[in-house]
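Q: Predicted model follows, preceded by the sequence.
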Amino acid sequence: MVRVTGLEPRQGEPAFAFVVLRLAEPTDRDGLVAVIRHLSSLIPDADAFIAELPDAIEDAMQIVGMPWTPPAPGPDLEEQYRLIEAAAGTGVDAAWFFQTGTSLPTVVVDHDDDVHDNDELAVWSHGPPPEVTHVRFPVDGYPAILDDLDWEDFGVAFKLGGPSIAGESTVLLGFHALWLAPYGGRYRNASVTVDRIHHSAHLWVDRFGVPCTTDQQAHHLLWVLSKIDEVVPVLHARFGGATTAQKFAGLMEDTEGSAEVTPFVLGGNPLLAVHAAGGDSAVDAWIDTQTTWSNEEVAQMLRELAIDLVTQPVTAADNVHDDSGDDADDSGDDADDSADDSADDSDDDGADDDVPDGGGDDDHDDGSQHITRHAGELLVARGRAGLLDPRAADALRPLLATSQRFEHRRRAVVDILGALRDRASVAALIQVLDDNPITSPLDAISKEDFLARTAAALGEIGDPAAIPALARLVAAPGEHHDEARPAAANALASCLAATLEPRDVDDAVLDAILETIRERGDGPLAAALHLAYGRLAQQLPAPRRAEAHRRLVETTLARDDTPANLAREVALVLAGTGTITGSAGTGQRLRAMVREGLTRVAYDHDTTLRSIRIALRAVESLPELADPADLAWLTRFAEPDIRARAHAILAQLGRPLPAAQVFDRRAARTLDDATLARLIGEPGLVGRAALIAEAGRRVLAAARPAIVRAAHDVLDRSGDHEAMLLDPDAHLLEAAVTALRRDLDEPTIRLFDRMLRHSNVHVKWELLDDPPSDPRLIGGMFHVLAQQWGWQEKTAKQWLARFAGTAAYQEARKHAIAPPRGPDDEADDAGDDNARPAHDIAVVAVPDVAAEVDDVVDDGSDDATMN
């Protein structure tokens, strides 16, 4: 008996329809022809289809896809049922029927034009094609594809269950046509890449310019994938376009003398979700226990996972702080070994010939530069944690001899060698300093950061052999050496500390540092040099140390800068007694300066970070200056270096804290709804904005109270008037406004009203970018108008104009009129802490706010009417 699925009457005007037949036993060409002739009335042109079959079929076929003519209801449908049931006698044991009964008008595509720009009037003949939003197997890149779909390259790859079945390629071609036929030729290239070795395939298209939303395109392709799953089980899938190699595979095969290329298709990457959920140990466990994927596929997964991790500014990889010691180190090494072994297996098979090797012209490979930079950061972190095989240094060291225009690769290499503290690399690193002198300010553009990193690496290694080269770099004359000077001075101090006493440096070293402090008006540079000077002075014999202290006292700062003043005070302590013990006044003053540096939010995010980093360096030299309470909030910063240094100092003070969980968009999408809502309410993590954005994307009602509370927390700590927000707070408010504006319930209105009334113009930035039209916000909008701040004032005028004349408007207007304030009022307020709130409510004198709105209404301009 034949199992029949999907045999239904014709739907609309079929753009494409086909039938998949599975045979009980594999059959040769003659057996297949017998099946086709038996079912000839189901096929549009059976003779033509038979003629297209190759004369000699290499493998006996057990499954085949062929065109189908959907029947009309009634007798035609019954006849097709009768024929397919009788096909059991020809060896058929299952049949699946598929059709799409709608289409767009066919177009002739000019491949040089953007076809999607000229298709505004095209409509579906019988509504859009079928869609699904859920399938029973994992799909990488969904739902991110709804935001990221690229019309230039679109498709889906998938891994099929069980061994390959002879004839599957005809079935996959049928599904490819089922997908694209309805779109009337609105694409340039399209094909199916079939990987029989790994039982996977890739349906793809490029320049797919169709008049559909990204949701419709993605969900229609998911529907096609669900239909494939009915015939052959789909284990895993991933959205993604074709590679250049796939697009030109046919051309290469037609080239005389070219070798046949075996396609490789990775039908998904389970390791992305495994790592997001459990980190490196979960990856190791999955690799050890899985049996579905080959070594070649696992090797490619590991490469992709590495690239995914190193190109993400924030990842979920830090969400467990593991201080378990040797066991953690061993698991890390095992993970590296697994990756290496799998990579070796795949290399033997030749599957990764097209993987970039990092070479090439830097000017034309920005993506490689990005990956090189972040891969370097990842390897540096593993090196410092003892999780990077020291043999990596042997492979990297020769690269120091090969220069490139912007030195992206060598900068990454010196960072890794420093993290490994590889003494065998000291001579090569010294050679880098000697071979790359900075001769002019223009020359510094490509060299100063590279030399600073090289000096820092030598400092991490701490080999006294580097002292002469580092001293020359510190003492080098000219402003074009200023960026490398602090790093070289710090490294010089570390190398001096590794030598036997007595220790000393040439006067030229101290002269160059003091001259730079005295002559340059650069606060951060002065701060860094002060701290380096203090560390150097600590290494000197008592008479030389006293002289260094005297010279620093006599050197005046070129610029009065708070962080630089803190660094100067710390340097004077280091160059003097080396401790604040016995000097209560100095200790009290320094502790106050450190507290301000660690806790004060400056005008903008970058300035705040600079102050924090200088204060952290000061505390690293004198840990007794820090209050653990002032360090705690830094362990939740998005910047990994700040988190790491705060944790290290807290541990040194005997007050360690667990590492905060870290989330980005990808990690947020792995969470279930309940966990997502709970985590949004937890302030002690990194990446709350990503969690809120994900809750907004899901329209997760259960998360709304936590989102509102999180936004209020930002308002509580926001500074006055034009003080910039820290980036995480700005991103949180952006995500919160987007997530909450869909449903303007009372808690949301109260939050939005508070944002509008807040004196800080930046907290209301996202809200005023597209303010919701709700009369409950009229009062708050009058406050925005009263602040008279640039584009926000204009937006408030335009928004209020739509409500002019309403009862709510008139009531709010009464409270918006404030009498002008004179000099006596200002004098009365002086010394009165309660005269004007510091943050929350903007109080600005406006003679007649409503009159300005009336002017907008009377003007009748387009700007006065907002949708």
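A: The structure has been received and is ready for your questions. All of these numbers come straight from a predicted model, not from anything done at the bench.

Q: Settle this for me: Ala60 is touching Pro26, isn't it.
A: Yes - at 3.5 Å, Ala60 counts as touching Pro26 under the criterion of Cβ atoms under 8 Å. For the C-beta atoms, the positions are set from N, CA and C on the backbone; glycine is no exception.

Q: Spit out the residues that contact those two alike.
A: Counting by Cβ atoms under 8 Å, 6 or more residues apart in numbering, the residues touching both Ala60 and Pro26 are Ala166.

Q: For the protein, which segments count as strands?
A: 3-5, 16-27, 61-67, 92-100, 139-140, 153-160, 189-195, 200-206, 234-239 (DSSP state E).

Q: can I get the ones you listed in TSV with mean neighbour count and mean pLDDT?
A: Formatted as TSV, those follow (neighbours: other Cβ atoms under 10 Å; pLDDT from 0 to 100):
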stretch	mean neighbour count	mean pLDDT
strand 3-5	14	95
strand 16-27	20	95
strand 61-67	21	94
strand 92-100	21	96
strand 139-140	21	94
strand 153-160	24	96
strand 189-195	19	93
strand 200-206	25	95
strand 234-239	23	96
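
Q: and those strands as a markdown table, adding distance to Leu744?
A: Shown next, in a markdown table, are those (distance: least, Cβ to Cβ, whole Å):
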| stretch | distance to Leu744 |
| --- | --- |
| strand 3-5 | 47 |
| strand 16-27 | 46 |
| strand 61-67 | 52 |
| strand 92-100 | 41 |
| strand 139-140 | 34 |
| strand 153-160 | 36 |
| strand 189-195 | 45 |
| strand 200-206 | 41 |
| strand 234-239 | 34 |
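
Q: So which of the ones you listed is nearest Asp743?
A: Nearest of the strands of the chain to Asp743, taken as Cβ to Cβ: strand 139-140 at 28.9 Å.

Q: partner strands of that closest one, parallel or antiparallel?
A: Strand pairing for strand 139-140, using DSSP bridges, gives strand 234-239 (parallel).

Q: Show me what the strand it pairs with is in contact with.
A: Contacts to strand 234-239, defined as Cβ under 8 Å, 6+ apart, come from residues 135, 137-142, 145, 149, 154-161, 218, 221, 225, 228, 266-270, 292.

Q: Tell me how far that strand lies from the chain's centre.
A: Taking Cα atoms, centre = their mean, to the nearest Å, one finds the center of strand 234-239 at 22 Å from the center of the full chain.

Q: Output that strand as PDB, nothing but the C-alphas.
A: C-alpha atoms of strand 234-239 as PDB (Å, rounded to 0.1, in the frame of the first residue of the first chain):
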ATOM      1  CA  VAL A 234      15.800  17.700   8.800                       C
ATOM      2  CA  LEU A 235      18.100  17.600  11.800                       C
ATOM      3  CA  HIS A 236      19.400  21.200  11.800                       C
ATOM      4  CA  ALA A 237      19.200  24.300   9.500                       C
ATOM      5  CA  ARG A 238      20.700  27.700   9.200                       C
ATOM      6  CA  PHE A 239      19.900  30.800   7.200                       C
END
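
Q: relative to strand 200-206, how tilted is that strand?
A: In terms of direction (axes from the mean of the first three to the mean of the last three Cα atoms, to 10 degrees), strand 234-239 departs from strand 200-206 by 30 degrees.

Q: What separation is there between the closest residue to Arg617 other than its chain neighbours and Asp729?
A: Nearest residue to Arg617, sequence neighbours excluded (Cβ to Cβ, 6 or more residues apart in numbering): Leu531, at 5.3 Å. Going from Leu531 to Asp729 by Cβ to Cβ, to the nearest Å gives 29 Å.

Q: neighbour-wise, which of those two wins?
A: A count of neighbours by other Cβ atoms under 10 Å puts Leu531 above the other of Leu531 and Asp729, at 26 against 23.

Q: Confirm for me that the more buried one is in contact with Val573.
A: No - counting by Cβ under 8 Å, Leu531 stays clear of Val573, with 10.9 Å between them.

Q: domains of this structure?
A: In terms of domains, the chain is parsed into 3-254, 270-349, 387-604, 773-867 (source: automatic domain parsing).

Q: ok, of those, where does mean pLDDT dip lowest?
A: Of all the domains of the chain, mean pLDDT reaches its minimum on domain 270-349 (a mean of 61).

Q: show me the contacts for Leu634.
A: Applying Cβ under 8 Å, 6+ apart to Leu634 gives the contacts Leu598, Ile612, Leu616, Ile642, Arg643, Arg645, Ala646.

Q: same thing but at 7 Å, please
A: By Cβ atoms under 7 Å, 6 or more residues apart in numbering, the residues touching Leu634 are Leu598, Ile612, Ile642, Arg643, Ala646.

Q: Include distance to Trp68 and neighbour count when you put the residues you listed into JSON lines, please.
A: Below are these laid out as JSON lines (distance: Cβ to Cβ, whole Å; neighbours: other Cβ atoms under 10 Å):
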{"residue": "Leu598", "distance to Trp68": "72", "neighbour count": "25"}
{"residue": "Ile612", "distance to Trp68": "68", "neighbour count": "24"}
{"residue": "Ile642", "distance to Trp68": "64", "neighbour count": "18"}
{"residue": "Arg643", "distance to Trp68": "61", "neighbour count": "19"}
{"residue": "Ala646", "distance to Trp68": "67", "neighbour count": "25"}
